[in-house]
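*Asks:* Have a look; sequence and predicted model below, questions after that.
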Amino acid sequence: MIGYAFMGRAHSQAWRVAPRFFDLPLEPRMGLLVGRNEAAATAAAGRLGWAEVETDWRRVVERDDVDLVDICTPGDTHAEIAAAALRAGKHVLVEKPMANSVAEAEAMVAAAEDARGSGARAMVGFTYRRVPAVALARQLVAEGRIGQVRQVRAQYLQDWLADDEAPLSWRLDKDRAGSGALGDIGAHIVDLTEFVTGERYVGVSGMLETFVHERPTAGSSDGLSSTAGTGRGRVTVDDAAAFTARLSGGGTAVLEATRVAWGRKNAMRFEISGSTGTLAFDFEEMNILHHYDASTPACDGGFRRILVTESDHPYIAAWWPPGHGLGYEHGFTHQAVDLVEAIAGGHDPAPSFADGLHVQQVLAAVERSSTAQGAFTAVGD
Ligand code: SOE
């Protein structure tokens, strides 16, 4: 695993726990943690359960005793590391957004295609697909339980940048992160709503805004949060993104991603209205899915609140009795499980690098549209 901050911690927890709760066809062994600061990486490896430490990823990706490379670094490093690992015949899991540009994402797809012959598998970490209520929503749409998808409403709202004095970090630097709220969290709702509907966004009209152009430079950081330093630096990414979109099946969508919405901590929500019903989900109540079925007589109709903790709900059988609930980290565990099963079963995991490229194309179309005062922009052009 390369990187050991927020995502590295989440992935480590997943690799540790997955074989203890799920019957996996292969046992993951947590071999090497890679970080440039040897002392910090050594401390992290001890805490997170990695056997060895390396300071240069190049020395790791070709080692014979490495089968899978898990990339948890900022976006500007993804393409190079993923391509090198795939060339060496390793399986790759890469954090979202897959890359910082469409060109990088295309190169990653090409590397994954070339490596397929050697049996190497490549997957993007859109972990929210593995929240049981989200996976159930996808099943219900596929079963026709809301009919033809007509309207998608999705939001990803956070507030960790709502304070104008919140310090700079790599996530606010376009060269390192690619974009701001758009790629960091907008990418999740693009992927998630495509996953649930089984459709693709074909065109967008978008608007990006940066409200706070300068922030204190970061002083110290523990990988999760940072304190302000003494200087000030420029923010080069968006604080918020909003866009409307058209879906491949003829439906419409309204999406919003922001890191400056006071009071909203990790409110990733979607509501999907079809010709015969609606589904609604909010990550802040992640064990619940709401379903409105229009075939129920209006007099006793209304949204049904499904507590997604039954053993026949996706992923739940491996966990706790009904009603005991799962949390943020379980999505990462399910991701590890699905990847290991794909590797052992010899099939491609989802989301693939091609799926990651498509999300990148949607993000790029939103950026182009925003530059062109919101002109409708086809995805992929
Ligand atoms: C920060 O906005 C962040 O950590 C994202 O990068 C993650 O993808 C999201 O799951 C939580 O918020």
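*Replies:* Received it, and whenever you're ready, just let me know what you need.

*Asks:* Can you name the residue of the protein nearest to the ligand?
*Replies:* Nearest to the ligand in the chain, going by CB to the nearest ligand atom, is Asp184, at a distance of 4.7 Å. All C-beta atoms are positioned from the backbone trio N, CA, C, and that covers glycine.

*Asks:* Now for that residue, how many residues are close by?
*Replies:* 23 (other CB atoms under 10 Å).

*Asks:* With His347 instead?
*Replies:* 10.

*Asks:* Next, give phi and psi for it.
*Replies:* With angles defined as degrees, to the nearest 10, His347 sits at phi -120, psi 160.

*Asks:* Helices of the stretch 1-150 of the chain, start to end?
*Replies:* Counting by DSSP state H, counting those that start in this stretch, the stretch 1-150 of the chain has helices at residues 6-21, 38-48, 78-87, 102-116, 132-142.

*Asks:* For the first one, buried residues please.
*Replies:* Applying a neighbour-count criterion of 16 or more other CB atoms under 10 Å, the buried positions in helix 6-21 are 7-19, 21.

*Asks:* got it, and the third one?
*Replies:* By neighbour count, and taking 16+ other CB under 10 Å as the criterion, the buried residues in helix 78-87 are His78, Ala79, Ile81, Ala82, Ala83, Ala84, Ala85, Leu86.

*Asks:* Only C-alpha atoms, please: export that helix in PDB.
*Replies:* This file holds the C-alpha atoms of helix 78-87, laid out as PDB (Å, rounded to 0.1, in the frame of the first residue of the first chain):
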ATOM      1  CA  HIS A  78      -1.900   7.700  -9.500                       C
ATOM      2  CA  ALA A  79      -1.200   7.300 -13.300                       C
ATOM      3  CA  GLU A  80       2.500   6.700 -13.000                       C
ATOM      4  CA  ILE A  81       2.300   4.300 -10.100                       C
ATOM      5  CA  ALA A  82      -0.600   2.400 -11.500                       C
ATOM      6  CA  ALA A  83       1.000   2.000 -15.000                       C
ATOM      7  CA  ALA A  84       4.300   0.800 -13.500                       C
ATOM      8  CA  ALA A  85       2.600  -1.700 -11.200                       C
ATOM      9  CA  LEU A  86       0.400  -3.000 -14.100                       C
ATOM     10  CA  ARG A  87       3.400  -3.300 -16.300                       C
END
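
*Asks:* List the contacts of that helix.
*Replies:* Outside helix 78-87, the residues that touch it by CB atoms under 8 Å, 6 or more residues apart in numbering are 2, 57-58, 61-62, 69, 71, 73, 92, 94-95, 98-100, 104-105, 107-108, 111-112, 114-115, 120, 122, 353.

*Asks:* tell me the domain ranges of this structure?
*Replies:* 6-127, 130-324+357-371 (automatic domain parsing).

*Asks:* Quick one: these as TSV, columns for mean pLDDT too.
*Replies:* Output for these, formatted as TSV (pLDDT from 0 to 100):
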stretch	mean pLDDT
domain 6-127	97
domain 130-324+357-371	95
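
*Asks:* quick one: which of these is nearest Ile343?
*Replies:* domain 6-127 (5.4 Å; CB to CB).

*Asks:* now the closest one, how far from the centre of its chain.
*Replies:* 15 Å (CA atoms, centre = their mean, to the nearest Å).

*Asks:* what distance separates the start and the end of that domain?
*Replies:* Using CA to CA, to the nearest Å, the end-to-end distance of domain 6-127 comes to 14 Å.

*Asks:* now stretch 159-178
*Replies:* Its first and final residues considered, stretch 159-178 spans 20 Å by CA to CA.

*Asks:* does any part of it sit near the ligand?
*Replies:* No. Counting by CB under 6 Å from any ligand atom, the ligand is not contacted by stretch 159-178; separation bottoms out at 6.7 Å.

*Asks:* Contacts for that stretch, please.
*Replies:* Taking CB under 8 Å, 6+ apart as the rule, stretch 159-178 contacts 74-76, 97, 99-101, 180, 183-184, 212, 215-219, 221, 226-229, 233, 235-237, 239, 259-265, 363.

*Asks:* what about Asp238, how many neighbours?
*Replies:* Asp238 has 28 neighbouring residues, counting by other CB under 10 Å.

*Asks:* roughly how far apart are it and Ile288?
*Replies:* 30 Å (CB to CB, to the nearest Å).

*Asks:* Trp57 now?
*Replies:* Separation of Trp57 from Ile288 (CB to CB) stands at 40 Å.

*Asks:* cool, Arg116 as well?
*Replies:* Distance of Arg116 to Ile288, computed by CB to CB: 39 Å.

*Asks:* Among these two, which residue is more densely surrounded?
*Replies:* Comparing Arg116 with Ile288 by other CB under 10 Å, the one with more neighbours is Ile288, at 16 against 13.
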